[in-house]
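**Q** Pasting the sequence and the predicted model now:
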Amino acid sequence: MNDIKPEFEKVVRDNMQAMLSFVRSRLKNKDIAEDIVQEIFIRAFKAYGSYCEDGRLKNWLFRIAQNTLNNYFSVKSAPLLSLDYNGDSDDSDESLYNCLAADDSPEEEYIQKELINDIMAVVGKLSSVQKQVFTCRFIKEYSVSETAFLVGIPEGSVKSATHYTLKKIRSELGITQQSNRRKDMENINCSEAYKYLFMFAKNALPEDQKALVKKHLETCKECADMVSALQKLIPQMTYAKEDETTHFLIHFPKAKISYCGCSSQFKDFERINDYLSKNNGKVPKELEWMGGGFSSCYELLTMLDNEGNEFGYEVHAEGNDHFRIKTTHIKKIYPLTWVYYVYLHKADNPNTIKQSLEAPNLYYGSMQNSFGNPVKSALYQAVPAEAENIRIKRGNGVIDCGTYKFAYVDRYVTEEERIRLDYSFLLNK
């Protein structure tokens, strides 16, 4: 064995990174992956004397790696879960499909087994009834009516418990319905596309989401016009100095959608990313990372980072008219981390455009925001491209972006100050 040691050291050096990449693609835990790679090379070293040199050393190592992983997962057993929701509902959201990978490849099977263990840990925190419902629906694969009979609760309660459990699993594991959409999905509607139009305009979306949005834009003029305007607006937006905070809010009244961005500095981002990697992106409950608050006149649709990755988050009520966002999962942190929020406006939202009663072709609008910290803040409100004689009563001016014009205000504010935009325009329909 001593005769082959120097030669085998070169084998380790030449193939270490490939083995690490192979194992890390199947395991979320970095420490366990490194232990398994060490075991792979120990097994390879013991068998190296019998290896027949045929130019396929890497394939030989991968076979050993595969067998080592098979052994690891056979020992680390997990409950058998059904991926599909068992009848009774056409709602694809009511499915573990959105929590587990649905690929049949061996690689995805390994990932599924790890996810199943994580899911069962979440289920362990549920109430007794919720655990019974989960077991009946996803392990024993009973129907809603069968589950209701066995657990002794109404069918409506079974559906409610199932919905709550799936929502809890997604929240705890940082899984978003959009990012785990079925692979055969080819089209998205406007309400789904709205969540990604700003990041599409920035060219900062994962390729699969980018393809879905691009296909939607080919048939939807309204969304295509919004993207076109954003692509012209974004290069003209200005930001604070490197050690200061930037905040902006872009509102499209017609679509009732707002895109909000906020920057944060993280000097210790490498340490934080190391922690996130070891903990599957889970944010410690005691930490307030990239959270925030918003009024009850909004509904938060999604949160995305610099590269269009979605955050895991929870929304909690604070009083009667305010909500607080608690981030639960983050993929990674950047030296300058941006959080992009997408909000849907409700009917009672004050940030809208109104028609004058006295002059039917006269419209006026306003926006306001209070950040609560010293910040460089900007508000942009989209008005129709045909708008004329736009008068800024309080703000900086107008940016013509072709398919839309944007009335805007952009300035530094103190923690006590509220930034406000007021304007009017003529529109001859």
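**A** Perfect, I can see it now.
**Q** Show me the shaky parts of the stretch 51-200 of the chain.
**A** Along the stretch 51-200 of the chain, the parts satisfying pLDDT under 70 run over 51-55, 72-115, 140-141, 149, 174-186.
**Q** And the helices in it?
**A** In the stretch 51-200 of the chain, the helices defined using DSSP state H, counting those that start in this stretch lie at 57-75, 106-123, 128-134, 144-151, 155-173, 190-193, 197-201.
**Q** Hmm, residue 201 and residue 231 touching each other?
**A** Yes - with contact defined as C-beta atoms under 8 Å, residue 231 counts as touching residue 201 (4.8 Å). For glycine as for every other residue, the C-beta is placed from the backbone atoms N, C-alpha and C.
**Q** Looking only at neighbour counts, state which of those two leads.
**A** Between residue 231 and residue 201, counting by other C-beta atoms under 10 Å, residue 201 is the more crowded of the two (20 against 16).
**Q** confidence score at residue 382?
**A** Turning to residue 382, the model gives it a pLDDT of 96.
**Q** give me the number of residues near residue 345?
**A** Look at residue 345: counted by other C-beta under 10 Å, it has 19 neighbours.
**Q** Now it: closest residue in space, sequence neighbours ignored.
**A** In space, residue 345 comes closest to residue 256 once its chain neighbours are excluded; the distance is 4.1 Å by C-beta to C-beta, 6 or more residues apart in numbering.
**Q** just checking, that neighbour touches residue 353?
**A** No - judged on C-beta under 8 Å, residue 256 makes no contact with residue 353 at a distance of 11.1 Å.
**Q** These two - which one has more neighbours?
**A** When neighbours are counted by other C-beta under 10 Å, residue 353 comes out ahead of the other of residue 256 and residue 353, with 21 against 18.
**Q** Please verify my assumption that the more buried one contacts residue 367.
**A** No - look at residue 353 against residue 367 with C-beta under 8 Å: they stay out of range, at 10.2 Å.
**Q** Kindly report the domain assignment for the protein.
**A** The chain breaks down by automatic domain parsing into domains covering 2-75, 96-173, 184-429.
**Q** still on that earlier bit, may I see the helices of the stretch 51-200 of the chain organised as CSV, with distance to residue 322 added?
**A** As requested, the helices of the stretch 51-200 of the chain are exported to CSV (distance: least, C-beta to C-beta, whole Å):
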stretch, distance to residue 322
helix 57-75, 46
helix 106-123, 28
helix 128-134, 29
helix 144-151, 36
helix 155-173, 20
helix 190-193, 24
helix 197-201, 24
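**Q** Quick check: residue 333 is in a strand.
**A** No - per DSSP: H, G, I helix; E, B strand; the rest coil, residue 333 lies outside any strand segment and is coil.
**Q** so where's the stretch 251-400 of the chain uncertain?
**A** If you take pLDDT under 70 as the line, the stretch 251-400 of the chain has these spans: 286-290, 319-320, 347-351.
**Q** Quick check: neighbours shared by residue 353 and residue 367?
**A** Taking C-beta atoms under 8 Å, 6 or more residues apart in numbering as the criterion, residue 353 and residue 367 both touch residue 381.
**Q** show me what contacts the nearest residue to residue 12 once chain neighbours are set aside?
**A** Closest residue to residue 12 apart from its sequence neighbours, by C-beta to C-beta, 6+ apart: residue 41 at 5.6 Å. The contact partners of residue 41, taken as C-beta under 8 Å, 6+ apart, are 12, 16, 19.
**Q** Report how many residues lie close to residue 45.
**A** Count around residue 45 with other C-beta under 10 Å applied: 16.
**Q** Which pLDDT value belongs to it?
**A** Looking at residue 45, its pLDDT stands at 83.
**Q** list the buried ones in the helix or strand containing it?
**A** Assigned by DSSP states H and E, residue 45 belongs to helix 30-47. Neighbour-count burial for helix 30-47 flags 32-33, 36-37, 39-41, 43-45 (criterion: 16 or more other C-beta atoms under 10 Å).
**Q** how many other residues sit next to residue 397?
**A** The burial count for residue 397: 12, using other C-beta under 10 Å.
**Q** and the residue nearest to it when sequence neighbours are not counted, how many neighbours does it have?
**A** Distances taken as C-beta to C-beta, 6+ apart put residue 408 closest to residue 397, at 6.7 Å, once the chain neighbours are dropped. For residue 408, the count of nearby residues is 23 (other C-beta under 10 Å).
**Q** what's the helix or strand where residue 408 lies packed up against?
**A** Assigned by DSSP H and E, residue 408 belongs to strand 404-413. Counting contacts by 3 or more C-beta pairs under 8 Å, 6 or more residues apart in numbering; DSSP states H and E, strand 404-413 is packed against helix 221-233, strand 375-384, strand 388-394, strand 397-400, strand 419-426.
**Q** got a list of what residue 336 touches?
**A** Neighbour list for residue 336: 242, 263-266 [criterion: C-beta under 8 Å, 6+ apart].
**Q** now these in TSV, with distance to residue 206, neighbour count and secondary structure?
**A** Listed next are those as TSV, based on distance: C-beta to C-beta, whole Å; neighbours: other C-beta atoms under 10 Å; DSSP: H, G, I helix; E, B strand; the rest coil:
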residue	distance to residue 206	neighbour count	secondary structure
242	27	9	coil
263	21	20	strand
264	22	14	strand
265	25	13	strand
266	22	16	coil
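**Q** Closest to residue 377 out of those?
**A** Each of those was scored against residue 377 by C-beta to C-beta, and residue 263 proved nearest at 11.5 Å.
**Q** any idea how far that closest one lies from residue 245?
**A** Separation of residue 263 from residue 245 (C-beta to C-beta, to the nearest Å): 6 Å.
**Q** just residue 411 next, same as before
**A** Plainly put, residue 411 is 14 Å away from residue 245 if you go by C-beta to C-beta.
**Q** just residue 364 next, same as before
**A** According to C-beta to C-beta, residue 364 and residue 245 sit 30 Å apart.
**Q** same check, this time on residue 214
**A** Residue 214 sits at a distance of 32 Å from residue 245 (criterion: C-beta to C-beta).
**Q** Residue 356 too?
**A** The value you get for residue 356 to residue 245, if C-beta to C-beta is used, is 37 Å.
**Q** who's more crowded, those two?
**A** residue 245 (17 against 12).
**Q** For the spatially closest residue to that one that is not a sequence neighbour, which residues count as its bridge partners?
**A** Excluding the flanking residues, the one nearest residue 245 by C-beta to C-beta, 6+ apart is residue 375, at 4.5 Å. With beta bridges defined as DSSP bridges, residue 375 has these partners: residue 413.
**Q** wouldn't residue 375 be in contact with residue 410 here?
**A** No - the pair residue 375 and residue 410 does not pass the contact test of C-beta under 8 Å, sitting 11.5 Å apart.
**Q** Before I go, just wanted to say thanks for your time.
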